[in-house]
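Chemist: got a predicted model here, sequence first, then my questions.
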Amino acid sequence: MSTKSKLLGGINIAKVLAAETPLVAKRPPSVPSAQKTSPIDGSYLTAHFNNFKISPKDASRAKNFFNSAHVELEWSIYDYLKLPGETEKHEYEKLLRSRPTEMDAEETEKLEAEVAEMKAKMVKARNDTVLSEVMLLGRCNVGKSSLLNALLSPSQLKTPESYARVRDYAGYTPCLNFYNIGNVLRIVDSPGYGKKGQAWQGELCFRYLERRKEMRRCYLLMNPLEGMNQYDQAILEQLNLKGITYDIVFTKIDRIRTAERVKEIQELLDFEPTRELLTVKPRFYFVNSETGKGGLNTRTGFEELRYGMLESCGLGSGVKPKRLRGVYDKKMEAQKQARKMKDKEKEKKERQ
Ligand SMILES: Nc1nc2c(ncn2[C@@H]2O[C@H](COP(=O)(O)OP(=O)(O)OP(=O)(O)O)[C@@H](O)[C@H]2O)c(=O)[nH]1
Ligand SMILES: [Mg+2]
C-alpha cells in the first residue's frame, strides 16, 4: 500500500488503511461483551474518517438526551404547503411579489395594512411550531426509517422502538414524517429516491430542503456495500448546487465484516467523481441500526451522530428534552395503537 496520504476533505484515509488493527477497534474493558463480537466499530470509523472524536462526557449527554426525550410523530406531509406555517409564508411572499410599483396613497395604505396582517398571521403560525429540524435522506431501502428508530431508542431495549415503519422492500415511506423529539428538535424521515422513488416525492423532499427555514442539516444515508450510484451522485450534485448543508451517514455497517469491505468504503470516497462532489467536506458517520442478538447495546457510531445532530441544531450536548419519555398523553397512545392495528391488517393482506 502506498504510504502517501490520500486526503479527502481532511480525511486521512491512508492512515485508516495503514493501521494493522484499525477495523476492529480496540474497545475499553467497560464495553459490554456482546459488542466484542461486533465486527466493526462505527465510532472508530467516524473518528478516523473525519478526525472527529467526541469526549465521553459529550457522548453520554447526547445519549441521555435521545434516551429520555419523548418522541411524537407530529405531521405526515404529502404536500409541502400543508406544513404548519408554510401556507401563510407562501401567501405572504405572494402578496409581496404582487405588490404594484405604482400606487396612490390610499392604495398603499390599504396594501400595507394587508401585508402587516398577513405577516402577523405568518409569524404566529410559525412561532407556534418553530423548532430546528434535520432530515434523513437516501435511496429507497437504505435504512432511513430504521436509523430514526435506532436513534430514538434507549440502549436497554432488545429491539428498537418502531416510531417509523420499516419494511424489507424499497419505497415504503411515502411522505415526509416529522418526529418531534422532546419538543426541542424534529427529525424528518423521508421517502427514498432511486428506482422505487417517485418524481413528486423527490420534488417534495427538495422543496422542503430548499424552502424550510428551520432545516438545519440533511443527513444523506448510503449503504457502503452498494456504494454510490447515479441517483446518489445526482442528489449530491443538487445538494451542492443549492447550498444545502449535509453530512453522510453510512448505514448497515454491521454487514461489513472484513477489512476488504472497509477498503471499499475508502475506495468509494477516493473515487474521482465522489471526490469532486464532496469538496464541501461533509462529516461521515458510520452506524448499524440493525443489531441482532446483542440488542441495542451493540449499536455503534450513534453517540457521534446524536451529538452531531444536536450540534447542527445549535444545541449543546447538555440540552434537556422539554417533554420526557414516559409522559405519554392518552391521545398519542391511542394513535400508536391504531397504527399498529392498521399495520397488522396491511401485513395480513400482503401475505394473502
Ligand atoms: N443489517 C442491517 N439492516 C438494516 C439496517 N438498517 C436497515 N436495515 C434493513 O434495511 C431494510 C430497509 O430499512 P428501512 O429503514 O425501511 O429503509 P428506508 O430507507 O426507510 O426505506 P424506504 O422507506 O422504503 O425508502 C429493512 O429490512 C431493515 O431491517 C442496518 O443498519 N443493518
Ligand atoms: Mg422508510
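Modeler: The structure has been received and is ready for your questions. Residues are numbered from 1 along each chain as shown. Ligands and ions are numbered 1, 2, ... in the order given.
Chemist: and stretch 85-103, average pLDDT?
Modeler: On average, the pLDDT along stretch 85-103 is 89.
Chemist: if you count neighbours, what's buried in that stretch?
Modeler: Under the neighbour-count criterion of 16 or more other CB atoms under 10 Å, stretch 85-103 has 85-89, 92 buried. Glycine gets a C-beta too; all of them are placed from N, C-alpha and C.
Chemist: then stretch 51-63?
Modeler: Quick answer for stretch 51-63 (16+ other CB under 10 Å): 52, 54, 58-59, 61-63.
Chemist: check stretch 128-135 too.
Modeler: 131-135.
Chemist: and stretch 153-160 with ligand 1, contact?
Modeler: No. Against ligand 1, stretch 153-160 shows no contacts by CB under 6 Å from any ligand atom, the least distance being 9.7 Å.
Chemist: where do the helices of the stretch 101-250 of the chain begin and end?
Modeler: 105-127, 144-151, 199-211, 230-241 (DSSP state H, counting those that start in this stretch).
Chemist: can these go into TSV with extra columns for distance to S312 and mean neighbour count?
Modeler: Output for these, formatted as TSV (distance: least, CB to CB, whole Å; neighbours: other CB atoms under 10 Å):
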stretch	distance to S312	mean neighbour count
helix 105-127	20	13
helix 144-151	13	25
helix 199-211	14	17
helix 230-241	15	16
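Chemist: of all those, which lies closest to Y307?
Modeler: Of all these, it is helix 144-151 that lies closest to Y307, at 11.5 Å by CB to CB.
Chemist: got the phi and psi for V287?
Modeler: Here is the backbone geometry of V287 (degrees, to the nearest 10): phi -140, psi 160.
Chemist: got a list of what the spatially most central residue of the chain touches?
Modeler: Nearest to the mean C-alpha position of the chain, counting by CA atoms, centre = their mean, stands L136 at 2.9 Å. With contact taken as CB atoms under 8 Å, 6 or more residues apart in numbering, L136 is in contact with 144, 147-148, 187-190, 219, 221, 249.
Chemist: tell me the one of these nearest ligand 2?
Modeler: K144 (4.9 Å; CB to the ion).
Chemist: list the contacts for the closest one?
Modeler: Going by CB under 8 Å, 6+ apart, K144 touches 136-138, 164, 173, 189-190, 192, 221.
Chemist: redo those residues as CSV? Include distance to L278 and pLDDT.
Modeler: Formatted as CSV, those follow (distance: CB to CB, whole Å; pLDDT from 0 to 100):
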residue, distance to L278, pLDDT
L136, 19, 98
L137, 15, 96
G138, 16, 94
A164, 28, 90
T173, 26, 86
D189, 24, 97
S190, 21, 95
G192, 21, 91
L221, 15, 96
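Chemist: same list, those residues, but only the ones touching ligand 1.
Modeler: Within the contacts of K144, those near ligand 1 by CB under 6 Å from any ligand atom are 138, 173, 192.
Chemist: strands of this protein, residue ranges please.
Modeler: 7-8, 11-12, 71-77, 132-138, 176-181, 185-189, 215-222, 246-250, 284-286 (DSSP state E).
Chemist: how far off strand 132-138 does the fifth one point, in degrees?
Modeler: Strand 176-181 and strand 132-138 are oriented at 130 degrees to each other (axes from the mean of the first three to the mean of the last three CA atoms, to 10 degrees).
Chemist: against which helices or strands is strand 176-181 packed?
Modeler: strand 71-77, strand 185-189, helix 199-211 (3 or more CB pairs under 8 Å, 6 or more residues apart in numbering; DSSP states H and E).
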